[in-house]
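Visitor: 3D, please:
(one chain, ligands or ions: 1)
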Amino acid sequence: MGVFNEPVALLIADEQMPELSGSDLLRVSRELFPQAKRILLISYTDTHAAIHEINEGRIDYYIVKPWDPPEQCLYPALDDILTGWLITYDPSLTPLRVIDHRWSPKLYEIGRFLARNQVPYQWLDIENRPDALRLLEHLNLNQRKLPVVIFPDGSYLVNPELLQIADKLKLKTHAEKPFYDLIIVGSGPAGLAAAVYGASEGLSALLVEREAPGGQAGLSSRIENYLGFPTGLSGGELARRAVVQAERFGAEIVTPQKACRIKVNGQYRSVIMQDKSEVHCHTLLLACGVSYRQLDVPGISSLVGAGVYYGASVSEAILCKNEDVYIVGGANSAGQAAIYFSKYARSVTMLVRADSLAKDMSWYLINQINHTPNIIVKTNTRVVAVHGKHHLESITIVNDQSQEEQTLPATSLFIFIGAEPYTDWLKRTIKCDEKGFILTGPDLMSAEHHKPEHWQLERDPFYLETSVPGIFAAGDVRHGSIKRVAASVGEGSMAVLLIHRYLG
Ligand SMILES: Cc1cc2nc3c(=O)[nH]c(=O)nc-3n(C[C@H](O)[C@H](O)[C@H](O)COP(=O)(O)OP(=O)(O)OC[C@H]3O[C@@H](n4cnc5c(N)ncnc54)[C@H](O)[C@@H]3O)c2cc1C
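Guide: Below is the predicted model:
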């Protein structure tokens, strides 16, 4: 909050000031206004300094002076950055509130759902906020019925399902039409790209998403290697932009809604949803990505959501303010999370099975980790057990070199140990490899270049086409895909071209 008790959205400072450099001012201002966005104004020769500040996570953007014409060089950047701030800030006096205690798995589920759908909310901890108790009393509710979600209009839901919350928030949970040219399952980068390209080229397109647009990329606190965003952008931001773009072209997005089965009937394909509703199409794109691999150690199953978490989104980082956080994993997603958490937590300890981070992590992240004093990296280390009655209380780790075993107090453990496809629901119809990744195009052909079993067309399957004509796959779920945002976007866009060929 600023001097007039107003929130501060954006701080802009000129690097060349008489007594204090702009970067120093922005650095100091972090303490006072942690949520505000920061822009550094620089002359061309200061570009390196600005990039350094971005790498250290101290500024969000830089603008080179002079910014002529402002319509091109200043206003779009300001618009963009202020829109990004606005979605994390709700000016209304009665925002959406969730009352529950810190270790409730349901709070975690609801918080993640709201954050990933970019719905601002306030968490009222029943143990530390007297106003939470007063609110419950006022609603004639008690602490045995939690969580309670209170909406800005004063209505509330007790221990709701996500679909009930989605309905109250007026998210679109059902398709408008019975039939589409293209149905896309999954709205990660591949699905969103297909929706943008498909809809912009005149196809009626429906995107079905079980959680929230953005997919795995939506969990990323900062994607730094996506072309065209030199200062990086968060996964939430990428998803928000892509959703606007897809909807602008007329694509329809339903969420949360899970595709549970597909049916093939002559030239038509159908998707059966979790709520048993059915939607039909000419072509189907499976862009359902991968999900986090589970850590199999004693004690873990009852603590998921109560101190043990798979992946992490912005909402969890705030929950861990001033705590000691443990992160399992040594690849890029674990590295990004460590850097993000280090801004909120007292310390972040990375537990890495390999003997160095260099094995699986990009050098730019290793560099940032090495320069972040509150991140500790323990290599050759595995978690072998987790303990806790109602929530995580401690973890046991072992060093594979020294065989030393230690039990450490811990309240938050975030797991990033790779991912696997969840394609069981379509394996009866679509050919997958032994790990569950979907086979497409040349990978379906036998060594002797024979077409796949049951394939009845004269032509070979198109490059991204599955073992069923007219059903395509793109992104991480596809056998042999490159597991990156840009690669998924590329495949999603390419799929649309092949879909046009199929329809033609
Ligand atoms: C934390 C993290 C950080 C990362 N950082 C980077 C990075 O900096 N740079 C980079 O290039 N890559 C990064 N990656 C990898 C990148 O995010 C993935 O390669 C990319 O998101 C894959 O896109 P996709 O569309 O194929 O699948 P996903 O992103 O996995 O999206 C699939 C979507 O399908 C939905 N879905 C699945 N099954 C169903 C169903 N039955 N019904 C309805 N919906 C369904 C899922 O909910 C999900 O939203 C990161 C990954 C993670 C986890």
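
Visitor: give the contact list for the residue of the stretch 1-150 of the chain found nearest the ligand.
Guide: When scored by C-beta to the nearest ligand atom, the stretch 1-150 of the chain has residue 116 as its residue closest to the ligand, at 8.8 Å. In this view, the C-beta of every residue, glycine as well, is placed from N, C-alpha and C. With contact taken as C-beta atoms under 8 Å, 6 or more residues apart in numbering, residue 116 is in contact with 211, 212, 214, 218, 219, 236, 313.

Visitor: and these near the ligand, which?
Guide: Among the contacts of residue 116, the residues that sit close to the ligand (C-beta under 6 Å from any ligand atom) are 211, 219.

Visitor: give me the number of residues near the nearest residue to the residue of the stretch 1-150 of the chain closest to the ligand once chain neighbours are set aside?
Guide: Using C-beta to C-beta, 6 or more residues apart in numbering and skipping the chain neighbours, the partner closest in space to residue 116 is residue 212 (3.5 Å). For residue 212, the tally of surrounding residues (other C-beta atoms under 10 Å) stands at 26.

Visitor: what's the domain layout of the protein?
Guide: The record's domain parsing of the chain by the TED database lists 10-88, 96-169, 179-291+425-503, 308-417.

Visitor: out of those domains, deepest packed?
Guide: Comparing those by mean neighbour count (mean count of other C-beta atoms under 10 Å), domain 179-291+425-503 ranks first with a mean of 20.

Visitor: distance between the ends of that domain?
Guide: End-to-end distance of domain 179-291+425-503: 15 Å, with C-alpha to C-alpha, to the nearest Å as the criterion.

Visitor: before we move on, what about stretch 354-364?
Guide: For stretch 354-364, the first-to-last residue distance is 18 Å (C-alpha to C-alpha).

Visitor: Most widely separated two among the contacts of residue 116?
Guide: 211 and 236 (12.9 Å; C-beta to C-beta).

Visitor: what are the ranges of the helices in the stretch 201-350 of the chain?
Guide: 235-248, 314-319, 332-342 (DSSP state H, counting those that start in this stretch).

Visitor: and the first one, what does it pack onto?
Guide: Right, helix 235-248. Packed against helix 235-248 by the contact rule (3 or more C-beta pairs under 8 Å, 6 or more residues apart in numbering; DSSP states H and E) you find helix 189-200, strand 252-254.

Visitor: With mean pLDDT as extra columns, can I get these in CSV?
Guide: Putting those into CSV (pLDDT from 0 to 100) gives the following:
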stretch, mean pLDDT
helix 189-200, 98
strand 252-254, 96
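
Visitor: For these, give me CSV that also has distance to residue 277.
Guide: Converted to CSV, those look like this (distance: least, C-beta to C-beta, whole Å):
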stretch, distance to residue 277
helix 189-200, 19
strand 252-254, 10
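
Visitor: List the contacts of the host helix or strand of residue 413.
Guide: Here residue 413, judged by DSSP states H and E, is contained in strand 412-415. The contact list for strand 412-415 (C-beta under 8 Å, 6+ apart) reads 292, 295, 307-312, 316, 319-320, 323-329, 337, 341, 345, 383, 386, 392, 395.

Visitor: Return only those of those found close to the ligand.
Guide: Near the ligand, by the rule C-beta under 6 Å from any ligand atom, you find residue 311 out of those.

Visitor: Show me which residues of the protein are close to the ligand?
Guide: Applying C-beta under 6 Å from any ligand atom, we find that the chain lies next to the ligand at 185-191, 208-211, 215-217, 219-220, 223-225, 258-259, 287-290, 311, 332-333, 336, 475-476, 483-486, 488.

Visitor: Kindly recompute the last result at 5 Å.
Guide: Residues of the chain found near the ligand (C-beta under 5 Å from any ligand atom) are 186, 188-190, 208-211, 215-217, 219-220, 223, 258-259, 288-289, 333, 475-476, 483-485, 488.

Visitor: gap between the residue nearest to residue 116 and residue 448?
Guide: 44 Å (C-beta to C-beta, to the nearest Å).

Visitor: Same check on residue 140?
Guide: Remark: distance between residue 140 and residue 448 (C-beta to C-beta) = 73 Å.

Visitor: Ends of stretch 324-339, what's the gap?
Guide: Chord length of stretch 324-339, first to last residue, is 14 Å (C-alpha to C-alpha).

Visitor: picking up where we left off before, just after the strand holding residue 413, pick out the following helix or strand.
Guide: That would be, after strand 412-415 and using DSSP H and E, strand 419-420.

Visitor: For whatever residue of the stretch 51-200 of the chain ends up closest to the ligand, list the residues it contacts.
Guide: The nearest approach of the stretch 51-200 of the chain to the ligand comes at residue 188, 2.1 Å away (C-beta to the nearest ligand atom). Applying C-beta under 8 Å, 6+ apart, we find residue 188 in contact with 214, 215, 216, 217, 218, 287, 289, 475, 476, 488.

Visitor: Now, those residues that are in strands?
Guide: Of the positions in the contacts of residue 188, not one sits in strands, assigned by DSSP state E.

Visitor: Dump those residues to a markdown table, plus pLDDT.
Guide: What follows is the contacts of residue 188, written out as a markdown table (pLDDT from 0 to 100):
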| residue | pLDDT |
| --- | --- |
| 214 | 93 |
| 215 | 93 |
| 216 | 90 |
| 217 | 89 |
| 218 | 86 |
| 287 | 98 |
| 289 | 97 |
| 475 | 98 |
| 476 | 97 |
| 488 | 97 |
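
Visitor: can you give me the helices for the stretch 51-200 of the chain?
Guide: Under DSSP H, counting those that start in this stretch, the stretch 51-200 of the chain gives helices at 70-73, 75-86, 105-116, 130-138, 162-168, 189-200.

Visitor: Any idea which of these gets closest to residue 13?
Guide: So among the helices of the stretch 51-200 of the chain, helix 75-86 is nearest, using C-beta to C-beta, at 13.9 Å.

Visitor: same for the closest one, what does it pack against?
Guide: Judged by 3+ C-beta pairs under 8 Å, 6+ apart, helix 75-86 is in contact with strand 10-14, strand 37-42, strand 61-64.

Visitor: now it and strand 37-42, what's the angle there?
Guide: 150 degrees (axes from the mean of the first three to the mean of the last three C-alpha atoms, to 10 degrees).

Visitor: Keeping just the C-alphas, turn helix 75-86 into CSV.
Guide: The C-alpha trace of helix 75-86 is given here as CSV (Å, rounded to 0.1, in the frame of the first residue of the first chain):
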residue,chain,number,x,y,z
TYR,A,75,2.0,2.4,-24.1
PRO,A,76,1.8,-1.2,-25.2
ALA,A,77,4.4,-2.2,-22.7
LEU,A,78,2.6,-0.3,-19.9
ASP,A,79,-0.8,-1.8,-20.9
ASP,A,80,0.7,-5.2,-20.8
ILE,A,81,2.3,-4.9,-17.5
LEU,A,82,-0.7,-3.3,-15.8
THR,A,83,-3.0,-6.0,-17.2
GLY,A,84,-0.7,-8.6,-15.7
TRP,A,85,-0.8,-6.8,-12.3
LEU,A,86,-4.6,-6.4,-12.4
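
Visitor: Among the contacts of strand 412-415, which are located in strands?
Guide: Reading strands off the contacts of strand 412-415 with DSSP E, I get 292, 308, 309, 310, 324, 325, 326, 327, 328, 383, 386, 395.

Visitor: Those residues: which two are farthest apart?
Guide: Top of the distance list for the ones in strands among the contacts of strand 412-415 (C-beta to C-beta): 292 and 324, 22.1 Å.

Visitor: OK, contacts around the closest residue to residue 316 other than its chain neighbours?
Guide: Closest residue to residue 316 apart from its sequence neighbours, by C-beta to C-beta, 6+ apart: residue 309 at 5.9 Å. For residue 309, the contact set (C-beta under 8 Å, 6+ apart) comprises 108, 316, 412, 413, 414, 415.

Visitor: what do you get for residue 425?
Guide: 259, 260, 261.

Visitor: Residue 276 is in contact with the last one, correct?
Guide: It refers to residue 261. No. With contact defined as C-beta atoms under 8 Å, residue 261 does not count as touching residue 276 (9.9 Å).
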